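Q: Provided below are the primary sequence and the corresponding predicted coordinates.
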Amino acid sequence: MAIPGRVDFLVMGAGVAGLRAAVELARHGEVLVVTKESLGESNTHYAQGGIAVATEGEADVALHLKDTVNAGDGLVYGPAAEVLVSEGPVRVAELIEWGAAFDKEAGELLRTREGAHSLPRILHANGDATGAEISRSLVAFARSHKRIQFAEWTMVTRLVVADGRVVAADLADAAPPAADIAMDSEPRRISARSVLIASGGAGQVYSDTTNPAVATGDGIALAHEAGAALADMEFYQFHPTALALKGAPRFLLSEALRGEGAYLRNARGERFMERYHPLLELAPRDVVARAIAREGMGDAPGIMRAVHLDMRHVRDIDLHRRFPGISAFLARHGLDLARDLIPVRPAAHYLMGGIKTDLAGRTTLAGLYAAGEAACTGVHGANRLASNSLLEGLVFGARAAQAMLEDGLACEASDALPPGTAALSEADEGRVEDLIAGSQTSMWSCAGLLRQESTLREGLAAQSACEGSLAAIAGLGRGSRRLFEAQALTTVAKGILHAALARTESRGAHFRNDYPRRDDGNFEQHSVFDKSGKVAFEKW
């Protein structure tokens, strides 16, 4: 595909936020959507649980707002949450009009309940494949717009800044060497009136994650390197129930399972959530994840006892029909929701922090906008309410596009494109993979569910060493997709570690063994991390 050298709007990411923005922008200019793999390969596609939306009037919206604020553990930015819940119904109605097919019962939209929600308000598609359906419908609708072009198997490697404003982006081939995909081999520079980062999260920063392989935090790292501020990076949500089966991936076992009545049992067969929260298995995710971690701790260091998800008592619904994707995956590993105890453990799932933006997606760097998981509006606070993420992408993707249009920036010239890089040797590619694995393992042990100063500092030392080794490889004038991703992961990891060290309290998804209490007097504020490596706290 011939990629133009200049477009009106460049969108990085083809998940729910990026595609919703592209549709809005295409009404007013030429749009290029850049995605590192094929269309639809995003965190959006893999979202099982559903999309939370209040469709029953003002009282329903007010209750959704209350639940969102409560889950965020004192740090939700109120205006952002109000925007989310009040504009959400309109955005979901648009999505249905554009072809998204949510599950129905007796002709009405089927609503279910998940953790920390006070009533059923979660819409699903195909039982447990909501993200895939939203992705499918948005991709199809976006493809129908003649002013939207797609650059698949392409990655943004640099944001070009001139006179304090992002004016262009450098692109490179992201296809694997063995792929039968025709790509330009030379790097390209695309000038644009404005750039939107909607590239999703960074679950691959941890060794255990529910995120797909593409979630390497590229957009967040690029924004940071360009000079944009990051916020709330210490708040990484660990999904409580990922499959914990030797030889199997950390497959997400949706919160909707607990919404339909699943119990959590420890190695002695006891339900244990009553010791941790009055909402039991439907407590906020951070509470459930830490409870599972504590119940699974063995007497010997590093040994985890089994914790299980139990649906054997649930008889009022057809589990295989309600959860077809989960049931099929478990069947491939000899497990059945209706018959077996399912081994689970937490895994990195969602970054509440990201590129600091206002309510319209504007970052601290002119010409650069962000939406979705890559962004931080403060809407999730310290702990995201279940199924608010897809809604966030729809609402703030549209808002970011509207801001890009309102700001009306002109297309500016940029400096000459820097020379391309040579391919890495096989030995260097192997070295990069080893460095990524070491970085991920370090982050899991040093900045996982339970943190303290000594391990956080150990983690920073490990990331600095990794960063130096990667720079040495890149300094030879060579590059690759995996080298670029490894550098992005290290940048994101350092942001998490610095912010976690600075927040000497426990709140939401951030728990410090050495500071186990919440400290509203000093830390009812948002952390802001800039390119200098310093962390400041701001009241929003």
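A: Structure's in. What do you need?
Q: Endpoints of stretch 398-414, how far apart?
A: 28 Å (Cα to Cα, to the nearest Å).
Q: Over to stretch 99-117?
A: By Cα to Cα, the extent of stretch 99-117 from end to end equals 27 Å.
Q: Figure out how far that stretch is from the centre of its chain.
A: Chain-centre distance of stretch 99-117: 23 Å, with Cα atoms, centre = their mean, to the nearest Å.
Q: what do you get for stretch 375-393?
A: Distance, centroid of stretch 375-393 to centroid of chain: 10 Å (Cα atoms, centre = their mean).
Q: So which helix or strand of this structure has the lowest pLDDT on average?
A: helix 43-46 (a mean of 59; mean pLDDT, DSSP states H and E).
Q: Strands of the stretch 351-500 of the chain, start to end?
A: Under the criterion DSSP state E, counting those that start in this stretch, the stretch 351-500 of the chain contains strands at 354-356, 368-370, 375-376, 422-423, 478-479.
Q: Let me have these in JSON lines, adding mean pLDDT and mean neighbour count as columns.
A: Any C-beta I mention is one placed from the backbone N, CA and C, and that applies to glycine too. Below are the strands of the stretch 351-500 of the chain laid out as JSON lines (pLDDT from 0 to 100; neighbours: other Cβ atoms under 10 Å):
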{"stretch": "strand 354-356", "mean pLDDT": "98", "mean neighbour count": "29"}
{"stretch": "strand 368-370", "mean pLDDT": "98", "mean neighbour count": "30"}
{"stretch": "strand 375-376", "mean pLDDT": "98", "mean neighbour count": "30"}
{"stretch": "strand 422-423", "mean pLDDT": "86", "mean neighbour count": "12"}
{"stretch": "strand 478-479", "mean pLDDT": "86", "mean neighbour count": "16"}
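Q: could I get those as JSON lines with distance to Asp415?
A: Listed next are the strands of the stretch 351-500 of the chain as JSON lines, based on distance: least, Cβ to Cβ, whole Å:
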{"stretch": "strand 354-356", "distance to Asp415": "23"}
{"stretch": "strand 368-370", "distance to Asp415": "17"}
{"stretch": "strand 375-376", "distance to Asp415": "27"}
{"stretch": "strand 422-423", "distance to Asp415": "22"}
{"stretch": "strand 478-479", "distance to Asp415": "19"}
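Q: Which among those is found nearest to Val287?
A: Taking Cβ to Cβ, strand 375-376 is the member of those nearest to Val287, at 22.0 Å.
Q: just checking, what packs against the closest one?
A: Where contact means 3 or more Cβ pairs under 8 Å, 6 or more residues apart in numbering; DSSP states H and E, strand 375-376 is packed against strand 354-356.
Q: which residues are in contact with the strand it packs on?
A: 197, 201, 219-220, 223-224, 228-233, 363-364, 370, 373-376, 528 (Cβ atoms under 8 Å, 6 or more residues apart in numbering).
Q: Direction included, what does that strand pair against?
A: Sheet pairing of strand 354-356 (DSSP bridges) gives strand 230-231 (antiparallel), strand 375-376 (parallel).
Q: What are the buried residues along stretch 201-220?
A: Neighbour-count burial for stretch 201-220 flags 201-212, 214-220 (criterion: 16 or more other Cβ atoms under 10 Å).
Q: Just the ones of those residues in strands?
A: Assigned to strands by DSSP state E, none of the buried residues of stretch 201-220 qualify.
Q: Where does the closest residue to Gly29 other than its chain neighbours fall, secondary structure wise?
A: Spatial nearest neighbour of Gly29, excluding adjacent residues (Cβ to Cβ, 6 or more residues apart in numbering): Asp8 at 3.0 Å. Following DSSP states H and E, one finds Asp8 within strand 6-12.
Q: and that strand, what other elements does it pack with?
A: For strand 6-12, the packing partners by 3+ Cβ pairs under 8 Å, 6+ apart come out as helix 16-25, strand 31-34, strand 188-197, helix 218-226.
Q: Give the rounded mean pLDDT of the first one.
A: Computed over helix 16-25, the mean pLDDT rounds to 96.
Q: And for that helix, what's in contact with it?
A: 8-9, 11-12, 31, 33, 35, 42, 44, 91, 131, 134-135, 138-139, 141-142, 145, 148, 196, 198-199, 371-375, 390, 392-394, 396-398, 400-402, 404-405.
Q: hmm, 7 Å instead?
A: 9, 11, 31, 33, 44, 134, 138-139, 141-142, 145, 148, 196, 198, 371-372, 390, 393-394, 396-398, 400-402, 404-405 (Cβ atoms under 7 Å, 6 or more residues apart in numbering).
Q: The second one now?
A: With contact meaning Cβ under 7 Å, 6+ apart, strand 31-34 is reached by 3, 7-12, 14, 18, 22, 25, 147-151, 154, 156, 171, 190.
Q: same thing with stretch 317-336?
A: 48, 126-129, 245, 248, 251, 253-254, 257, 260, 311, 337-338, 342.
Q: let's see it at 6 Å
A: Gly127, Asp128, Ala129, Leu245, Ala248, Phe251, Leu337, Ala338, Ile342 (Cβ atoms under 6 Å, 6 or more residues apart in numbering).
Q: and the fourth one, that one's in a strand?
A: By that I understand Leu245. No - assessed with DSSP: H, G, I helix; E, B strand; the rest coil, Leu245 is coil; it does not lie in a strand.
Q: what bits of the stretch 201-350 of the chain have low per-residue confidence?
A: Filtered on pLDDT under 70, the stretch 201-350 of the chain yields the residue ranges 298-304.
Q: Strands of that one, start to end?
A: 230-231, 236-243, 263-265, 307-310, 342-351.
Q: Now intersect the contacts of helix 16-25 with the helices, please.
A: Counting by DSSP state H, these place 44, 134, 138-139, 141-142, 390, 393-394, 396-398, 400-402, 404-405 in helices.
Q: Could you tell me which of the residues you listed count as buried?
A: Buried, going by 16+ other Cβ under 10 Å: 44, 134, 138-139, 141-142, 390, 393-394, 396-398, 400-401, 404-405, out of those.
Q: ok so, going back, which of the contacts of strand 31-34 are buried?
A: If we count by 16+ other Cβ under 10 Å, the contacts of strand 31-34 have these buried: 3, 7-12, 14, 18, 22, 25, 147-151, 154, 156, 171, 190.
Q: one step back: need the strands of the stretch 201-350 of the chain in TSV (columns: distance to Leu501).
A: Converted to TSV, those look like this (distance: least, Cβ to Cβ, whole Å):
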stretch	distance to Leu501
strand 230-231	15
strand 236-243	14
strand 263-265	31
strand 307-310	29
strand 342-351	17
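Q: Quick one: closest of those to Ala293.
A: Closest to Ala293 of these, according to Cβ to Cβ: strand 342-351, at 6.1 Å.
Q: Let's see that closest one as PDB, backbone CA atoms only.
A: Output in PDB follows, covering the C-alpha atoms of strand 342-351 (Å, rounded to 0.1, in the frame of the first residue of the first chain):
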ATOM      1  CA  ILE A 342     -10.600 -23.900  37.600                       C
ATOM      2  CA  PRO A 343      -7.100 -22.900  38.800                       C
ATOM      3  CA  VAL A 344      -6.600 -19.100  38.700                       C
ATOM      4  CA  ARG A 345      -4.100 -16.400  39.700                       C
ATOM      5  CA  PRO A 346      -3.900 -12.700  39.000                       C
ATOM      6  CA  ALA A 347      -2.200 -11.300  35.900                       C
ATOM      7  CA  ALA A 348      -1.500  -7.800  34.600                       C
ATOM      8  CA  HIS A 349      -4.500  -6.500  32.800                       C
ATOM      9  CA  TYR A 350      -5.100  -2.800  32.500                       C
ATOM     10  CA  LEU A 351      -3.100   0.400  33.000                       C
END
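Q: just checking, what packs against it?
A: In this structure, strand 342-351 packs against strand 236-243, strand 307-310, with contacts taken as 3 or more Cβ pairs under 6 Å, 6 or more residues apart in numbering; DSSP states H and E.
Q: 8 Å instead?
A: Right, strand 342-351 is packed against strand 236-243, helix 285-296, strand 307-310 by 3+ Cβ pairs under 8 Å, 6+ apart.
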